[in-house]
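Q: quick one, structure for this:
(one chain, ligands or ions: 2)
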Amino acid sequence: MKKLILIAGPSGAGKTTISDYLWQQYQIPRVITHTTRPKRQGEASNSYYFESDESFAQLHLFEHVHYGAYQYGSSREALAKAWEKSDLASLIVDIQGAESYIEQLKEQVYFLYVTASSLEKLRERLLNRGDSVASINKRLQGKELNELSTKLKPFAHVLVNDDWQETVAKLQEIIAGLD
Ligand SMILES: Nc1ncnc2c1ncn2[C@@H]1O[C@H](COP(=O)(O)OP(=O)(O)OP(=O)(O)O)[C@@H](O)[C@H]1O
Ligand SMILES: Nc1nc2c(ncn2[C@@H]2O[C@H](COP(=O)(O)O)[C@@H](O)[C@H]2O)c(=O)[nH]1
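A: Ligands and ions are numbered 1, 2, ... in the order given. Next up, the predicted model:
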């Protein structure tokens, strides 16, 4: 059965770092999603399909959300493309997107909720990543914090990504369990 590691969690928790590691270490491809957000300095050009508002409006999306000032969305075509490469793929979404995928793909989804032990840790990582203070303040409160909802709690495998070596060990266990 084809499976999807769905990765959600607050900004700065390490979702992209984990997804990149899954590709490098286990050749688990990421489903590339679409966004109208501009590319960050130093961000890989294949981290998203970077769209204008006009091109985003033309897409046929499985689900889409507004996050901050920008739009984000994912397509069945992108999922199929990742599953062509491997029966196990990863996908980074916000909490609303996670609800859509879990509802529709059910037991094909392994839901990994990544977080860190404090908001201060997240803030420090985002500052080091070069995010602006205004953007960090916005992302680390309210709906944009991507807290685990009561609805999703029963499906979540929570990974507290404070220590990278511990995270690597947990990822190894997870991947072995999904084989
Ligand atoms: N365990 C860790 N310890 C220290 N720094 C980490 C750890 N994991 C990731 N980082 C760093 O934290 C920063 C944020 O990580 P990353 O971009 O993966 O987060 P994210 O959850 O994808 O955030 P966003 O939702 O904003 O895109 C990066 O600079 C990354 O190198
Ligand atoms: N529901 C969806 N959420 C998505 C998608 N692609 C990314 N995301 C989430 O957006 C925020 C912000 O991402 P960033 O790269 O600007 O830091 C983050 O929570 C992602 O998980 C998507 O296609 N659908």
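Q: what is the neighbour count of Q104?
A: A count of nearby residues for Q104, using other C-beta atoms under 10 Å, gives 12. Glycine gets a C-beta too; all of them are placed from N, C-alpha and C.
Q: mind naming the longest helix for the chain?
A: The longest helix of the chain (DSSP state H) is helix 164-178.
Q: domain assignment for this structure?
A: Using automatic domain parsing, the domain ranges for the chain come out as 1-29+86-179, 32-85.
Q: tally of neighbours for Q27?
A: Q27 has 10 neighbours, counted by other C-beta under 10 Å.
Q: same for the longest helix of the chain, what does it pack against?
A: Contacts defined by 3 or more C-beta pairs under 8 Å, 6 or more residues apart in numbering; DSSP states H and E place helix 164-178 against strand 3-8, helix 15-26, strand 109-115, strand 156-160.
Q: with mean pLDDT added, can I get the domains of the chain in TSV?
A: Putting the domains of the chain into TSV (pLDDT from 0 to 100) gives the following:
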stretch	mean pLDDT
domain 1-29+86-179	96
domain 32-85	93
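Q: wait, which of the ones you listed is closest to ligand 1?
A: Among the domains of the chain, the nearest to ligand 1 by C-beta to the nearest ligand atom is domain 1-29+86-179 (3.3 Å).
Q: returning to what we had before: which positions in the longest helix of the chain come out as buried?
A: In terms of neighbour count (16 or more other C-beta atoms under 10 Å), helix 164-178 has its buried residues at T167, K170, L171, I175.
Q: and these, which is closest to G68?
A: G68 lies nearest to T167 out of the buried residues of helix 164-178, by C-beta to C-beta, at 26.0 Å.
Q: OK, contacts around that closest one?
A: G14, I18, L159, N161 (C-beta atoms under 8 Å, 6 or more residues apart in numbering).
Q: and the second one, how many neighbours?
A: When you say that, I think you mean I18. For I18, the count of nearby residues is 24 (other C-beta under 10 Å).
Q: ditto for the first one
A: Here the neighbour count serves as a burial measure; for G14 (other C-beta under 10 Å) it reads 22.
Q: what of the last one?
A: Taking other C-beta under 10 Å as the neighbour definition, N161 ends up with a count of 22.
Q: what residues does the protein put near ligand 2?
A: By the rule C-beta under 6 Å from any ligand atom, the part of the chain lying against ligand 2 is 8, 11, 15, 33, 37, 63, 65, 67, 72-74, 92-94, 96-97, 146.
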